[in-house]
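Q: next come a sequence and a model predicted from it.
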Amino acid sequence: MEQTTTKKLMTNWRWWMVVLLFVATTVNYLDRQVLSLTWKDFIAPEFHWTDNDYGTITAIFSIVYAICMLFAGKFVDWMGTKKGYLWSIGIWSAGACLHAVCGWLTVHIEGYESAAAMTAVQAGSTAALAISSTSVWLFLAARCILALGEAGNFPAAIKVTAEYFPKKDRAFATSIFNSGASIGALIAPATIPLLAQFFKDRGVGGGWEMAFVIIGALGFIWMGFWVFMYNKPEKSRFVNKAELEYINQDYTEEENAAAAAAEEKGGRKKSISLWKCFTYRQTWSFIVGKFFTDGVWWFYLFWAPAYFSDQYGYASSSGMGVALITTLYAIVTILSIFGGYLPKLFVEKKGMNPYNGRMLAMLIFAFLPLPALIAQSAGQLSVWWPAIIIGLAGAGHQAWSANLFSTIGDMFPKSAISTITGIGGMAGGIGSFFIQKGAGALFTYSETAGEAFQFLGFAGKPAGYMIVFCGCAVAYLIAWAIMKALVPKYQKIED
């Protein structure tokens, strides 16, 4: 069918859908990054936070995100892609903006005249601990709302990709919109600390508040474009017959007719139940892939700015701090975009089925994070080496992630895609919880212990970073081996 279809004049509306998904994912990660880029140099001095406080906030965000992901996929499948995505981005944008009022509320709850008065409180005192505790709880509340909304992004985006692309193109399309995570992380250090500093210099609170408001408002703008541009391909006035045939090339005429009939009736086609999903080895394969690796990416995302500030003295708002983080995510962005192309090459040129091609590509990408084993050591030569190495590890993750998401479409029917994505997202959030909380507690402990805490030639807090880097480096190969053992060859699940 492909040869006859591609000869016709075909619309390309599916790529505009990818643009929308890319922008949504970029905004998603911008909202997620505001805290990581402002806490160390703007927020922590005001509220007397420690690494453990920050680790608690990021860990709770991860576990709430995990719980919400379990139901977000089912919610998107039930509500429908259009409405489900609108609810998701609307909630997370509101949650992002709500972070801005945490400082004002802390001042009033604790009874201070201003944020400056809180900052002046003696570190380690009872008053400082009270300020820290109150502010952490308030940020946790805002963070939970953010997590509730953000949980819907990937289930909805993966569902759109399955609706608009044949199997052979899905990993490439996913790698494009998934690169929004890298772009968001790339734009964030070049804008967020500068926004915070700009407003701080002009006396608008601590500066960080406006960074949350401005970045959070971007999601509301996106919602307007989504309402106008999205519809299912068979209903979209922008998709012609030739493009629709190309999109549906993996399915028989009977399957397409049945799906259309279900749509006409109202409906929502009956999908695999949430609990039945857990009876499939394919589901557990996806769970393993997410559990072992999502936390690695979130660790780099949440802790890299603090790492360069702590270990090398470059604040996130400094020119060098911005340059380091920007370089790191530039590497991620440039290299990860090829992650979706490699399995496409294996399928089209080598004749492999999509699942085998994806697993081979994922094995290759699993080796890219290994240099993280020497990131801490290389930092003794130059601060640029950790930035480059973490960038390579991040690129490996994004390429891995694009293909991992696409295995769902290979093995499950469209009606279950968001549900499986949500289950995997839950597993990733749980994995991230352990890494974030563990890292925060480890860094606080190792910094206090000083020379008494050693690991592989490093002492104190650098030893703590070395431990986490080692775990992050080998996580992907462990995950791949377990996934391959669970699903050694391609097997489609029928609804």
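A: Noted; the coordinates are in hand.
Q: please make it C-alpha for all contacts and neighbour counts, starting now.
A: Will do.
Q: looking at this, residue 123 is in a helix?
A: No. With DSSP: H, G, I helix; E, B strand; the rest coil as the criterion, residue 123 is coil rather than part of a helix.
Q: tally of neighbours for it?
A: Other residues near residue 123 come to 14 when the count uses other Cα atoms under 10 Å.
Q: test my guess that it contacts residue 48.
A: Yes. Counting by Cα atoms under 8 Å, residue 123 sits close enough to residue 48 to count as a contact (6.7 Å).
Q: would you map the helices across the stretch 101-250 of the chain?
A: Secondary structure of the stretch 101-250 of the chain, counting by DSSP state H, counting those that start in this stretch: helices at 102-110, 115-119, 126-150, 153-164, 167-201, 208-229, 241-247.
Q: mind checking which of those is nearest residue 286?
A: Nearest of the helices of the stretch 101-250 of the chain to residue 286, taken as Cα to Cα: helix 153-164 at 13.4 Å.
Q: which elements pack onto the closest one?
A: Applying 3 or more Cα pairs under 8 Å, 6 or more residues apart in numbering; DSSP states H and E, we find helix 153-164 packed against helix 13-38, helix 51-79, helix 81-98, helix 167-201, helix 384-411, helix 417-449.
Q: repeat the analysis, applying 7 Å as the threshold.
A: On a contact count with 3 or more Cα pairs under 7 Å, 6 or more residues apart in numbering; DSSP states H and E, helix 153-164 meets helix 81-98, helix 167-201, helix 417-449.
Q: in CSV: the ones you listed, plus mean pLDDT and distance to residue 381.
A: Shown next, in CSV, are the helices and strands packed on helix 153-164 (pLDDT from 0 to 100; distance: least, Cα to Cα, whole Å):
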stretch, mean pLDDT, distance to residue 381
helix 81-98, 94, 38
helix 167-201, 85, 24
helix 417-449, 89, 22
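Q: just for this structure, where's the confidence low?
A: Within the chain, the ranges that satisfy pLDDT under 70 run 1-8, 251-271, 337, 339-340, 494-495.
Q: residue 153 and residue 387: what is the separation?
A: Relative to residue 387, residue 153 is positioned 28 Å away (Cα to Cα, to the nearest Å).
Q: before we move on, what about residue 136?
A: 29 Å.
Q: looking at those two, which is more packed in?
A: Counted by other Cα under 10 Å, residue 136 and residue 387 do not tie: residue 387 has more neighbours, with 24 against 19.
Q: could you find the closest non-adjacent residue to that one?
A: Closest residue to residue 387 apart from its sequence neighbours, by Cα to Cα, 6 or more residues apart in numbering: residue 328 at 5.1 Å.
Q: that neighbour: which element?
A: Per DSSP states H and E: residue 328 is located in helix 319-336.
Q: name the residues that touch that helix?
A: For helix 319-336, the surrounding residues in contact (Cα atoms under 7 Å, 6 or more residues apart in numbering) are 179, 182-183, 185-186, 189-190, 305, 308, 314-316, 384, 387-388, 390-392, 394-396, 398-399.
Q: quick check: what element follows it along the chain?
A: As assigned by DSSP H and E, the chain's next helix or strand after helix 319-336 is helix 341-350.
Q: who touches whichever helix or strand comes after that following helix?
A: As assigned by DSSP H and E, the chain's next helix or strand after helix 341-350 is helix 354-366. When contacts are defined by Cα under 7 Å, 6+ apart, helix 354-366 is touched by residues 168, 342-343, 346-347, 396, 399-400, 403, 407, 410, 476-477, 480, 490.
Q: stretch 466-483 too?
A: Contacts to stretch 466-483, defined as Cα under 7 Å, 6+ apart, come from residues 285, 288-289, 292-293, 296, 363, 366, 369-373, 376.
Q: chain center to it, what's the gap?
A: Chain-centre distance of stretch 466-483: 18 Å, with Cα atoms, centre = their mean, to the nearest Å.
Q: would you mark the buried spots in it?
A: 466-477, 479-480, 483 (16 or more other Cα atoms under 10 Å).
Q: and for residue 119, the neighbour number?
A: For residue 119, the count of nearby residues is 17 (other Cα under 10 Å).
Q: not counting sequence-adjacent ones, nearest residue to it?
A: residue 46 (4.5 Å).
Q: could you say which helix or strand contains the one you found?
A: Under the criterion of DSSP H and E, residue 46 resides in helix 44-47.
Q: got a list of contacts for that helix?
A: Residues contacting helix 44-47 (Cα under 7 Å, 6+ apart): 115, 118-119, 131-132, 135.
Q: for stretch 17-35, same thing?
A: For stretch 17-35, contacts defined as Cα under 7 Å, 6+ apart pick out 96, 150, 157, 173, 176-178, 180-181, 183-185, 188, 192, 212, 215-216, 218-219.
Q: for stretch 381-394, same thing?
A: Stretch 381-394 is touched from outside by 297, 324, 327-329, 331-332, 368-369, 371-372, 375-376, 378-379, with contacts defined as Cα under 7 Å, 6+ apart.
Q: how far does it sit from the chain's center?
A: Centroid displacement of stretch 381-394 relative to its chain, using Cα atoms, centre = their mean, is 20 Å.
Q: if you count neighbours, what's buried in it?
A: Those would be 383-394, for stretch 381-394 by 16+ other Cα under 10 Å.
Q: next, format those residues as JSON lines and append distance to residue 87.
A: Output for these, formatted as JSON lines (distance: Cα to Cα, whole Å):
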{"residue": "383", "distance to residue 87": "42"}
{"residue": "384", "distance to residue 87": "41"}
{"residue": "385", "distance to residue 87": "41"}
{"residue": "386", "distance to residue 87": "39"}
{"residue": "387", "distance to residue 87": "36"}
{"residue": "388", "distance to residue 87": "37"}
{"residue": "389", "distance to residue 87": "37"}
{"residue": "390", "distance to residue 87": "34"}
{"residue": "391", "distance to residue 87": "33"}
{"residue": "392", "distance to residue 87": "34"}
{"residue": "393", "distance to residue 87": "33"}
{"residue": "394", "distance to residue 87": "29"}
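Q: and which of those is nearest residue 241?
A: Closest approach to residue 241 among the buried residues of stretch 381-394 (Cα to Cα): residue 394, at 39.3 Å.
Q: among the contacts of helix 354-366, which pair sits farthest apart?
A: 168 and 477 (24.5 Å).
Q: buried residues in stretch 199-211?
A: Neighbour counts over stretch 199-211 (16+ other Cα under 10 Å) mark 199-200, 205-211 as buried.
Q: ok, residues contacting that stretch?
A: Counting by Cα under 7 Å, 6+ apart, 38, 42, 100, 192, 195-198 sit against stretch 199-211.
Q: over to stretch 429-445?
A: Taking Cα under 7 Å, 6+ apart as the criterion, the residues outside stretch 429-445 that touch it are 51-52, 54-56, 58-60, 62-63, 65-66, 291-292, 294-295, 298-299, 461, 464.
Q: swap the cut-off to 8 Å and go again
A: With contact meaning Cα atoms under 8 Å, 6 or more residues apart in numbering, stretch 429-445 is reached by 50-56, 58-67, 290-296, 298-299, 461, 464-465, 468.
Q: good, we can wrap up now.
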